[in-house]
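Visitor: Provided below for reference: sequence and predicted model.
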Amino acid sequence: MKRIDWTTRDSGFSSLTTVLESLFLIHKTYYLDLNWGHKEMMRITTNRGRLLFVFMVMAIVIAGCSNAGNSTSERTPSNASEGKTDSNAQPAGGEETVKVRIAVNGNLNPLIIAQEKGWLKEGFEKLHAEVEWSKFASGPPILEALVSGRVDLTFLGDGATITGLSNNLPLQVVGLIGEGKNLNSILVPVDSSIAKVQDLKGKKVGLGRGSSSHVYLIKVLEANGLKQEDLTIINLTPEDAQAAFESGQLDAWVTVDPNVTLNVANHKAKALDANIELFAPLSMVAHSEFTKTHPELVVEYLKQFKRSLEWQSENLDEAAQIYSEQTKLPPEIIKVVLERSSNLLTAYSEEALAAQEATTAILLQNDFLKREIDFTQGVNDSFVLQALE
């Protein structure tokens, strides 16, 4: 079908004729594609479609006549003659401002520092870009936002990253920001009779389905002779899980910090010993198309993340206060969490790649993935290597 350039309007009825012809093609193509099989339904729908088509033609004819009557043989920009500024004009230097959609995943991460300090805003402005922030409680919803074009840059846990790559979603892994050794824990009420992982059999366990915590649970169960079918898994957001855990509706809750430290410090929970050291690598990811069209912005984003990470390490008390204002959690709790975390920014290590490959095998075995993948094929270290120079 011929594409119509709606932004070009020649004088007279020549362009109007083109529009009418194209509308006829749209109308004709629409009905050629119908394949219902019931003649009466076809007749009713066709009549309605023709009536709608007539109204569309009438509206365009009226608009076309009005434009034709007001047109001149040669058009000159009205703003130029009146000395006005075009509201859609590009910034000085001919550079168009790029909107960069950054998603904050969770509550405690250096992106919040970069946002608070204005470093990303400052860095992007030099490259004729501006930040649009959004916030998500976990990784799976971010995958949906990536697909719909609402996120350009963010980070994900192992489960969400691998799921996205397996589903051929438009993302690239552009850096490693954490090994995730102390990322997840299994919490049970402080007075619970559950003392070891094997005691979870037949119990109700809350978590975010498809999240890093879910992957962690599967690995822990496997290491302790159980599988997820031995439990009743309830899919909950962190906020809903906290409420359900406190009200006794859950026997256990698999979650991340600061939830773990906060509940243990407040004597509401105890963490089970997993009897195994697990890696849950955290990946910095970018929309695939964004890496192609704006590679310099990906590098700048990573540079400012690194700057925030280093500042946080050197200013733990102030960083804890910033996070406290954002989350309403006590600064002393946040400081403990920051001291336990293993945040970093580097290219993917062999150890982290091996951990992701092992996780991929487990997810495939548990029917979480549609197809087997080679995780290394989704990694592009070129951006982080430039940022670290």
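Guide: Perfect, I can see it now.
Visitor: Can you show me the strands along the stretch 151-300 of the chain?
Guide: 153-156, 171-178, 184-189, 204-207, 232-235, 252-256, 269-271, 282-287 (DSSP state E, counting those that start in this stretch).
Visitor: Against which helices or strands is the fourth one packed?
Guide: Spelled out, that is strand 204-207. Identification of packing neighbours for strand 204-207 by 3 or more C-beta pairs under 8 Å, 6 or more residues apart in numbering; DSSP states H and E yields helix 212-223, strand 232-235, helix 238-246, strand 252-256. In short, each C-beta sits where N, CA and C put it, glycine included.
Visitor: for the ones you listed, which one ends up most surrounded?
Guide: Highest mean neighbour count among the helices and strands packed on strand 204-207 (mean count of other C-beta atoms under 10 Å): strand 252-256, with a mean of 27.
Visitor: centre of the chain versus stretch 342-355, how much separation?
Guide: Centroid separation for stretch 342-355 versus its chain: 21 Å, with C-alpha atoms, centre = their mean, to the nearest Å.
Visitor: For Ala195, find the nearest of the helices and strands packed on strand 204-207.
Guide: When the helices and strands packed on strand 204-207 are compared by C-beta to C-beta, strand 252-256 sits nearest Ala195, at 11.8 Å.
Visitor: Could you list the paired strands of the closest one along with their orientation?
Guide: strand 184-189 (antiparallel), strand 204-207 (parallel) (DSSP bridges).
Visitor: Quick check: Asp199 vs Val256, distance?
Guide: 22 Å (C-beta to C-beta, to the nearest Å).
Visitor: and of the strands paired with strand 252-256, who's closest to Leu302?
Guide: strand 184-189 (25.1 Å).
Visitor: contacts for that closest one?
Guide: Residues outside strand 184-189 that contact it (C-beta atoms under 8 Å, 6 or more residues apart in numbering): 194, 197, 200, 205, 212-213, 216-217, 220, 245, 248, 251-256, 259-260, 263-264, 268-272, 274, 278, 280.
Visitor: And stretch 114-122, by the same measure?
Guide: The contact list for stretch 114-122 (C-beta under 8 Å, 6+ apart) reads 102, 104, 111, 130-131, 133, 301, 304-305, 307-308, 311, 322, 326.
Visitor: So which of those residues sit within helices?
Guide: Leu111, Tyr301, Gln304, Phe305, Arg307, Ser308, Trp311, Ile322, Gln326 (DSSP state H).
Visitor: any idea how far the fourth one is from Glu277?
Guide: Spelled out, that is Phe305. Distance, Phe305 to Glu277, using C-beta to C-beta: 26 Å.
Visitor: Could you do the fifth one as well?
Guide: Distance from Arg307 to Glu277, counting by C-beta to C-beta: 31 Å.
Visitor: which one of the two has more residues nearby?
Guide: Arg307 (19 against 8; other C-beta atoms under 10 Å).
Visitor: distance of the more buried one from Leu344?
Guide: 14 Å.
Visitor: now swap in Met284 and tell me
Guide: 11 Å.
Visitor: Need the residues that contact the helix or strand where Thr359 lies.
Guide: Here Thr359 sits within helix 350-365, counting by DSSP states H and E. Contact partners of helix 350-365, identified using C-beta under 8 Å, 6+ apart, comprise 158-159, 161-163, 166, 176, 179, 215, 218-219, 222, 279-281, 369, 372-373, 375-376, 379.
Visitor: Go again with 7 Å.
Guide: With C-beta atoms under 7 Å, 6 or more residues apart in numbering as the test, helix 350-365 has contacts from 158, 162, 176, 179, 215, 218-219, 222, 279, 281, 369, 372-373, 375-376.
Visitor: Export only the CA atoms of it, formatted as PDB.
Guide: Extracted in PDB, the C-alpha atoms of helix 350-365 (Å, rounded to 0.1, in the frame of the first residue of the first chain):
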ATOM      1  CA  GLU A 350      34.400 -15.700  33.100                       C
ATOM      2  CA  GLU A 351      33.000 -16.600  36.600                       C
ATOM      3  CA  ALA A 352      29.900 -14.500  36.000                       C
ATOM      4  CA  LEU A 353      29.400 -15.900  32.500                       C
ATOM      5  CA  ALA A 354      29.600 -19.400  33.900                       C
ATOM      6  CA  ALA A 355      27.000 -18.500  36.600                       C
ATOM      7  CA  GLN A 356      24.600 -17.200  33.900                       C
ATOM      8  CA  GLU A 357      25.100 -20.300  31.800                       C
ATOM      9  CA  ALA A 358      24.300 -22.500  34.800                       C
ATOM     10  CA  THR A 359      21.200 -20.500  35.600                       C
ATOM     11  CA  THR A 360      20.100 -20.800  31.900                       C
ATOM     12  CA  ALA A 361      20.300 -24.600  32.200                       C
ATOM     13  CA  ILE A 362      18.200 -24.600  35.400                       C
ATOM     14  CA  LEU A 363      15.600 -22.200  33.900                       C
ATOM     15  CA  LEU A 364      15.400 -24.300  30.800                       C
ATOM     16  CA  GLN A 365      15.000 -27.500  32.900                       C
END
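Visitor: didn't His294 look like it was pressed against Val98?
Guide: Yes. His294 is within contact range of Val98, at 6.1 Å (criterion: C-beta atoms under 7 Å).
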